[in-house]
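Kindly generate the corresponding structure for this input.
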Amino acid sequence: MLKVFVTFNLSAFFKLKIFILSKKIKMKKYIFKVSLSTVFFLFTFLSLFSQTEVEPWGNITGIRIDGQLMEFESNISVVQNDWSRIHATGKEKQRPKYSRKGNEQIISSNIDSLYFTETVADAGKGTANINIQLSPKANMPDEKAYYRILLPLEDYSRGTIQLANLKAVHLNSPSSDLDKYLEYSAKSILFKS
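Below you'll find the model as predicted:
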């Protein structure tokens, strides 16, 4: 079973390095240099093996875990209330502004009169923090905005989804059950395949 959402804590690693530095005063400079290079290597290594893949227009195409891409796709969609029209972020569909700031990827763009800024940051192995700020520049009474996640059936057909602290449900559950489950607001989503 593959877990797509995993968090970890490196604070014990740093406490150990600080303890070593305080105990061996004579070798302080040497250990400090080794510690800095170890920390640099560790974060470089982690970023290579746990990386969110984001397109310049804002869609996430997956998360790399230990070099393997766990595929899915996300987009921001503006949907007509009767679902007769859906406009979603995509290649050559808007004029995004893409930038990087540390481990954050920042995309600013718009869909019709809905302006958004999406910030995607790697948050550990298999985990990404996604922050989306929406700003409608016109009245949108007949439209709603959604953050959609599309999962490949061959990878997730026997998987589960868990919203925040709710009980996980199988992705192959009847669509009426999934629709009801997905009506809840959640600050985190956990997928397992």
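
Show the contacting residues for the residue nearest the centre of the chain.
Centroid-nearest residue in the chain, with CA atoms, centre = their mean: Ala128, separated by 3.0 Å. Contact analysis of Ala128 by CB atoms under 8 Å, 6 or more residues apart in numbering lists 52, 60, 63, 120-122. In short, each C-beta sits where N, CA and C put it, glycine included.

Who wins on neighbours among those residues?
Neighbour counts for those (other CB atoms under 10 Å) peak at Ile63, which has 23 neighbours.

Double-check it against Ala123; I have them as touching.
No. Judged on CB atoms under 8 Å, Ile63 makes no contact with Ala123 at a distance of 10.3 Å.

Mutual contacts of those two, please.
By CB under 8 Å, 6+ apart, no residue touches both Ile63 and Ala123.

hmm, back to that, the residue nearest to the residue nearest to the centre of the chain when sequence neighbours are not counted: helix or strand, and which one exactly?
In space, and not counting its chain neighbours, Ala128 is closest to Thr52: 4.3 Å by CB to CB, 6 or more residues apart in numbering. Element membership for Thr52, per DSSP states H and E: strand 50-54.

for the record, mean pLDDT for that strand?
For strand 50-54, mean pLDDT is 84.

now that strand: how far from the chain's centre is it?
Relative to its parent chain, strand 50-54 has a centroid offset of 8 Å by CA atoms, centre = their mean, to the nearest Å.

Other residues contacting it?
Contacts for strand 50-54 (CB under 8 Å, 6+ apart): 60-66, 69, 105, 107, 120-122, 124-128.

Take the residues you listed and keep only those in strands.
Those of these mapping onto strands are 60-65, 69, 105, 107, 120-122, 128, per DSSP state E.

Quick check: the farthest pair among these?
Spatially, the most separated pair among these is Ile65 and Ile107, at 22.6 Å (CB to CB).
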